[in-house]
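Q: Build me a structure from this.
(one chain, ligands or ions: 1)
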Amino acid sequence: MSKACRSPFFYVGDKYKIIDQIRLYFPQNIDKYVEPFVGGGSSFLNAEAKEYILNDIDKNLINLHNYLRKSSNKEKVFFNNAYNKINEYNLSCSAIGNFVDPDLKKKHVKTYYAHNNKLGYLKLRDYYNCNKSDLLSLYILLIYGFNRMLRYNSIGNFNIPVGNVDFNTNVKKSLQFYFEFHRKKKVVFHNKDYKKFIKSIDFSKNDFIYLDPPYLITNSEYNKLWNEKDEKELLSLLDELNNKGVKFAISNLISTSSKTNNIFNEWAKKYKIIEISSNYISYHNNSKNEKHREVLVINYDN
Ligand SMILES: C[S@@+](CC[C@H](N)C(=O)[O-])C[C@H]1O[C@@H](n2cnc3c(N)ncnc32)[C@H](O)[C@@H]1O
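A: Residues are numbered from 1 along each chain as shown. Predicted coordinates:
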């Protein structure tokens, strides 16, 4: 198995750290790899298949995926444009040796990127909010933003504050990998509710669906709209797929130190449950490793 690669979205709640444990259980020889809750994509980027059919309800996220996918054929132009924009807004850029001034580093030992980049970041954010079709600006905001999140206010403006990060060699490498993946593979993105998306797929024998839905008992930005009704509907849709012989694997968190997802826990007993060892990090307190049980549930023999 090749080394797992990181998605250039560095998405909150991504599967990068545990993808090696998960993909061990993916079927061999997948024709269509289907992922209804694709997020930043750290799962599909580490799965072998003939083609990839991906979906997320977040329109801005899918616009960015499509923008990067199209940029894969003009990688040099993409990097030139990105570095030019980063320079235009006076942002540090470790990937090309534009480091933060040593005096500022000494003054703000743990927060020097945020101090260095705040002004330029806010200017770029104002620019993007008046020019929403400029997806390069949005990608740069994602990379320099707090927790690398995509979040908009009620009037549709991007509102993430500056983060304590910059465009470094990890970002560059993850983009290079992402571009190469898209040059080699057949990938399509959709932007629908997962039910509509799953119902639109014509599954064949060697197709496989991997699901990483919002977790009912955690509090990420994208979990806000997910409730018990959604959870039950999703699980009964999976029972329907099982009856049709479609192979699926679904990730979920069964319990934290304070909560249990009883709906998922009961449902999963019908299938094969694989325990995943992870350092699940609480959204509210990312220094605290809660006691938790994270699992992968599959409906096939592997
Ligand atoms: C746990 S994240 C997926 C993370 C992803 N596996 C990764 O590694 O980056 C869940 C995703 O589900 C999406 N989502 C939430 N509700 C949805 C819905 N009803 N239909 C489709 N996608 C939805 C969110 O936008 C979010 O990107």
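Q: From Asn252, how far off is the residue of the chain at minimum distance from the ligand?
A: Residue nearest to the ligand within the chain (CB to the nearest ligand atom): Gly39, separated by 2.7 Å. Bear in mind the C-beta positions are built from the backbone N, C-alpha and C, glycine included. In this view, Gly39 and Asn252 are 14 Å apart by CB to CB, to the nearest Å.
Q: Look through this protein and tell me its longest strand.
A: Taking DSSP state E as the criterion, the chain has its longest strand at strand 247-255.
Q: got a list of contacts for the helix or strand just after that one?
A: Moving toward the C-terminus from strand 247-255, the next helix or strand (DSSP states H and E) is helix 262-268. The contact list for helix 262-268 (CB atoms under 8 Å, 6 or more residues apart in numbering) reads Leu216, Glu228, Glu231, Lys232, Leu235, Asn252, Ile254, Ser255, Val295, Val297.
Q: just to revisit the earlier point, Gly39 and Asn252 - which one has more neighbours?
A: Between Gly39 and Asn252, Asn252 has the larger neighbour count (other CB atoms under 10 Å), namely 27 against 24.
Q: Get me the contact residues on the stretch 1-150 of the chain for the ligand.
A: 11, 13-15, 36-37, 39-43, 56-58 (CB under 6 Å from any ligand atom).
Q: Which one of the residues you listed is nearest to Leu104?
A: Closest to Leu104 out of these is Tyr11 (29.0 Å), distances taken as CB to CB.
Q: what's the neighbour count on Val38?
A: Val38: 27 surrounding residues under other CB under 10 Å.
Q: what's the nearest residue to Leu142 once chain neighbours are set aside in contact with, if anything?
A: Leaving out its chain neighbours, the residue that sits closest to Leu142 by CB to CB, 6 or more residues apart in numbering is Arg148, at 5.7 Å. Arg148 is in contact with Phe9, Phe10, Tyr11, Val12, Leu142, Gly163, Val165, counting by CB under 8 Å, 6+ apart.
Q: ok, so of those residues, who is nearest Lys195?
A: When these are compared against Lys195 (criterion: CB to CB), the nearest one is Tyr11, at 22.1 Å.
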